[in-house]
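Participant: generate coordinates for the sequence data below:
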Amino acid sequence: MDEAGLIRDAQRGSIDAYNALVLHFQIQAYNVAYRIMGDPDSAADATQEAFVSAYHALRQFRGGSFKSWLLRIVTNACYDELRRRKRRPGVSLDALYVEDEGPEPSLTSHIEQPESYAQRMDLQSAILNCLQGLSEDQRTVAILSDIEEMSYDEIAGVVGMALGTVKSRLSRARASLRDCLQGYEELLPASYRLSSEER
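Facilitator: From the prediction side, this is the model:
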């Protein structure tokens, strides 16, 4: 993919070029939003809002990492929604009528044993619960570093923080996650469990 060419064409008004950029980054943008929001519908809304905002701001993009620029818009869209919820908490009517639709198709493995699958889903749920327990800033840097595997410099660009701040927040986030996950010790692989001396 000629990212620079697509950005240039999109800045000149090419919808096809912008759609190609959206297709290239949509999974990563959604994954970041989902892990910040903790809810698939909210993540989808935040991702869509971010892509609309990015389109309107595209002429302001002056180079550098497009991915970092875009993910900063995604995280800001998530923060805006989380702040709005704090001001006006409410319960979705859809949440009152949730039907068990089973596991997401992308998470199903046809060769995985049911017990192994159930353990993996329990661990995934525990990790998401622990992530949701972090502050917004800590959650974001943890997601960008440990899930999206971005460098400290890229994270600093996405969240608009100094490099030292990113490192200290990530350190605190990892410590909080470690402490939280010890409450789910039975779900953790043996190599991740703390010995009695480490506690």
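Participant: residue 132 is in contact with residue 38, correct?
Facilitator: Yes - Residue 38 is within contact range of residue 132, at 4.7 Å (criterion: CB atoms under 8 Å). Bear in mind the C-beta positions are built from the backbone N, C-alpha and C, glycine included.
Participant: report how many residues lie close to residue 125.
Facilitator: By other CB atoms under 10 Å, the residues close to residue 125 number 12.
Participant: for it, give me the pLDDT.
Facilitator: pLDDT recorded at residue 125 is 83.
Participant: and the next element down the chain from the helix or strand containing residue 48?
Facilitator: Of the helices and strands defined by DSSP states H and E, residue 48 is found in helix 40-57. Downstream of helix 40-57, the first helix or strand assigned by DSSP H and E is helix 66-87.
Participant: which residues touch residue 140?
Facilitator: Contacts here follow CB atoms under 8 Å, 6 or more residues apart in numbering; on that basis residue 140 touches 36, 75, 78, 158-159.
Participant: so which bits of stretch 165-185 are buried?
Facilitator: 166-167, 169-170, 172-174, 176-177, 180-181 (16 or more other CB atoms under 10 Å).
Participant: avg pLDDT for that stretch?
Facilitator: Stretch 165-185 comes out at a mean pLDDT of 90.
Participant: from the chain's centroid, how far away is that stretch?
Facilitator: 16 Å (CA atoms, centre = their mean, to the nearest Å).
Participant: can you give me the buried ones in stretch 141-154?
Facilitator: 141-145, 148, 150, 154.
Participant: so can I have a markdown table of the residues you listed showing pLDDT?
Facilitator: As requested, the buried residues of stretch 141-154 are exported to a markdown table (pLDDT from 0 to 100):
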| residue | pLDDT |
| --- | --- |
| 141 | 93 |
| 142 | 92 |
| 143 | 91 |
| 144 | 92 |
| 145 | 91 |
| 148 | 88 |
| 150 | 90 |
| 154 | 91 |
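Participant: returning to what we had before: give me the packing partners of the helix holding residue 48, helices and strands only.
Facilitator: Applying 3 or more CB pairs under 8 Å, 6 or more residues apart in numbering; DSSP states H and E, we find helix 40-57 packed against helix 15-37, helix 66-87.
Participant: quick one: which of the ones you listed is nearest residue 126?
Facilitator: Comparison of the helices and strands packed on helix 40-57 against residue 126 by CB to CB identifies helix 15-37 as nearest, at 13.8 Å.
Participant: list the buried residues in the closest one.
Facilitator: Judged by neighbour count using 16+ other CB under 10 Å, the buried positions of helix 15-37 are 17-18, 20-22, 24-25, 28-37.
Participant: right, and the helix or strand after the lowest-mean-pLDDT helix or strand in the chain?
Facilitator: Lowest on mean pLDDT, DSSP states H and E among the helices and strands of the chain sits helix 93-96, with a mean of 44. For helix 93-96, the following helix or strand on the C-terminal side (DSSP H and E) is helix 114-132.
Participant: after that following helix comes which helix or strand?
Facilitator: Past helix 114-132, the next helix or strand by DSSP H and E is helix 136-142.
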